[in-house]
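*Asks:* Quick one, fold the following:
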Amino acid sequence: MKKRVISVLLVLAMVLGMGGCSSAEPETPPAENGEAAGENQDGQRSEFEVLNVGTMPLTVGIPVIYAQEQGYFEEAGLNVKVELFATGAPINEAIAAKQIDIAVSGFASVYSLANADCTWLADVNTVGGMGLYVRPDSSYSQGEEKDGMLLGNPETLKGIQVLEPLGTSVQYMTESYAEKCGLTPADINQVNMEYASAYQAFTTGEGDAMAANAPYSYFLEDEGYVRLCTFKEATGVNMCDGCFARNEIVENRAEEVQLFVECLIRAVDELCDVELRTEYTKKVYEENAISYTDSGLAHEMEDITYVGTETMKQEGYRLGAAWVAITDFLVQAEKITSDNAPNVEKSINPEFVSKAIGVDVKAD
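*Replies:* Modelled structure (predicted):
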């Protein structure tokens with residue numbers, strides 16, 4: 001990138017979607033909104049005020065970084081400032097504090113949508129490469145196989161200590177798996193750790209299990225750990241990470257939001273080329289100290305796909321299709337109130353992607 005507003009040091013957190021319920025803040029506080037029109041991050045002039053965008057240097061954020069580096073935002077006349085965060089939780093905090101206008105994030109997004117303050121604009125990528133892992137010599141690895149999962153005995157699993165970032169998709173996976181085994185979230189001990197810290201702790205003997213996403217899931221598989229379930233096996237839903245914005249931005253700066261969505265889709269479409277995506281992902285990971293292996297990256301390309309124009313034009317595609325099912329689960333788990341739950345479905349607005357691709361996209 002020509003100029004990076006923030007360099008996320010992920011050697012301690014090394015990553016990634018911890019949406020934890022922690023109060024962690026970005027390494028550098030995002031700029032306040034309302035900056036006057038002027039030079040954008042690359043020194044170009046723009047008629048628009050700064051559009052602050054928060055994302056992560058992961059699959060979901062790579063199209064934003066790519067679009068910025070390729071100059072797509074500048075071509076569109078936008079004045080975009082990109083802020084990189086370690087996880088989804090501080091992105092939500094920045095949105096709530098009006099420090100960023102648009103977010104491109106993962107599972108943690110649902111909490112912003114439930115607050116009735118944000119609008120879901122576009123899906124970016126499918127969710128994959130996640131799993132719940134135990135040691136091969138533990139009693140937890142001796143489960144009954146069903147629907148691809150190893151279902152453990154409730155008495156044996158009760159009290160299992162799972163290392164994972166709370167507030168993220170892997171917590172949803174862990175609790176869904178527990179329910180499949182006849183347990184409740186209260187029956188398991190979920191320890192809040194970012195992925196890198198959890199991986200280091202688990203592989204050196206701490207905890208009973210780790211809920212991991214890519215690339216840590218691939219590291220664990222290569223090292224012989226036993227996978228109890230994947231995200232899809234445990235939850236039964238196909239979730240997509242994506243893009244959302246504060247309602248006041250959608251209402252008052254709709255032209256800029258439309259241009260941003262078009263630039264984002266343009267980048268996603270180009271990154272559907274696996275060779276380009278692989279090389280660019282390597283670049284982003286290396287710049288942000290994210291560990292990867294070539295074999296793990298190949299798995300990532302297979303497990304996590306981008307939602308480009310061709311996908312959105314397919315019959316049956318629905319924007320934000322998994323959010324309703326996920327919200328129902330979170331209500332049952334008492335993480336979202338029943339009063340706030342309807343806000344999630346209401347927040348999904350397909351108008352911007354419909355205009356961008358020239359097809360009437362539906363939303364569930």
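
*Asks:* distance between the ends of stretch 332-352?
*Replies:* 32 Å (Cα to Cα, to the nearest Å).

*Asks:* now the strands for the stretch 201-350 of the chain?
*Replies:* 209-212, 226-230, 240-246, 318-319 (DSSP state E, counting those that start in this stretch).

*Asks:* With respect to burial, which of the ones you listed scores highest?
*Replies:* Among the strands of the stretch 201-350 of the chain, strand 209-212 has the highest mean neighbour count (mean count of other Cβ atoms under 10 Å), at a mean of 30. From N, CA and C alone the C-beta is placed, and that goes for glycine too.

*Asks:* Direction included, what does that one pair against?
*Replies:* strand 131-134 (antiparallel), strand 161-164 (parallel) (DSSP bridges).

*Asks:* ok, residues contacting the first one?
*Replies:* I take that to be strand 131-134. Contact with strand 131-134 is made by 140-141, 162, 170, 173-174, 177, 202, 208-212, 217, 220-221, 225-231, 234, as judged by Cβ atoms under 8 Å, 6 or more residues apart in numbering.

*Asks:* next one: it to chain centre, how far?
*Replies:* Its chain's C-alpha centre and that of strand 131-134 lie 19 Å apart, by Cα atoms, centre = their mean, to the nearest Å.

*Asks:* can you list contacts of whichever helix or strand comes after that strand?
*Replies:* Per DSSP states H and E, the first helix or strand lying C-terminal to strand 131-134 is strand 144-146. With Cβ under 8 Å, 6+ apart as the contact definition, strand 144-146 has outside contacts at 150-151.

*Asks:* Going by neighbour count, which residues in strand 144-146 are buried?
*Replies:* By 16 or more other Cβ atoms under 10 Å, strand 144-146 has no buried positions at all.

*Asks:* buried stuff in stretch 201-209?
*Replies:* 202-203, 207-209.

*Asks:* my bad, stretch 111-125
*Replies:* 111-115, 117-125.

*Asks:* Same check on stretch 295-314?
*Replies:* Buried residues in stretch 295-314 (16+ other Cβ under 10 Å): 296-297, 299-301, 303-309, 311-312.

*Asks:* Tell me if I'm right that Gln68 and Leu84 touch.
*Replies:* No - counting by Cβ atoms under 8 Å, Gln68 stays clear of Leu84, with 10.7 Å between them.

*Asks:* Tell me, how many residues neighbour Thr337?
*Replies:* Thr337: 11 surrounding residues under other Cβ atoms under 10 Å.

*Asks:* For it, give its distance to Ala116.
*Replies:* To Ala116, Thr337 is 12 Å away according to Cβ to Cβ, to the nearest Å.

*Asks:* returning to that earlier point: can you put the strands paired with strand 209-212 in JSON lines and add mean pLDDT?
*Replies:* Shown next, in JSON lines, are these (pLDDT from 0 to 100):
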{"stretch": "strand 131-134", "mean pLDDT": "96"}
{"stretch": "strand 161-164", "mean pLDDT": "98"}
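
*Asks:* so which of these gets nearest Gly316?
*Replies:* strand 131-134 (27.1 Å; Cβ to Cβ).

*Asks:* same for the strand of greatest length in the chain, what does it pack against?
*Replies:* If you go by DSSP state E, the chain has its longest strand at strand 118-126. Judged by 3 or more Cβ pairs under 8 Å, 6 or more residues apart in numbering; DSSP states H and E, strand 118-126 is in contact with strand 102-105, helix 109-114, strand 240-246, helix 247-252, helix 254-271, strand 318-319, helix 341-347, helix 351-357.

*Asks:* what do you get if the cut-off is 6 Å, keeping everything else the same?
*Replies:* strand 240-246 (3 or more Cβ pairs under 6 Å, 6 or more residues apart in numbering; DSSP states H and E).

*Asks:* Output the contacting helices and strands for the strand it packs on.
*Replies:* strand 102-105, strand 118-126.

*Asks:* What lies in contact with that strand?
*Replies:* With Cβ atoms under 6 Å, 6 or more residues apart in numbering as the test, strand 240-246 has contacts from 60, 101-104, 106, 109, 118-126, 257, 307.

*Asks:* low pLDDT regions in this structure?
*Replies:* 1-46 (pLDDT under 70).

*Asks:* State the distance from the residue nearest to the spatial centre of it to Lys180.
*Replies:* By Cα atoms, centre = their mean, the chain has its centre lying nearest to Gly106, at 2.2 Å. Separation of Gly106 from Lys180 (Cβ to Cβ) stands at 22 Å.
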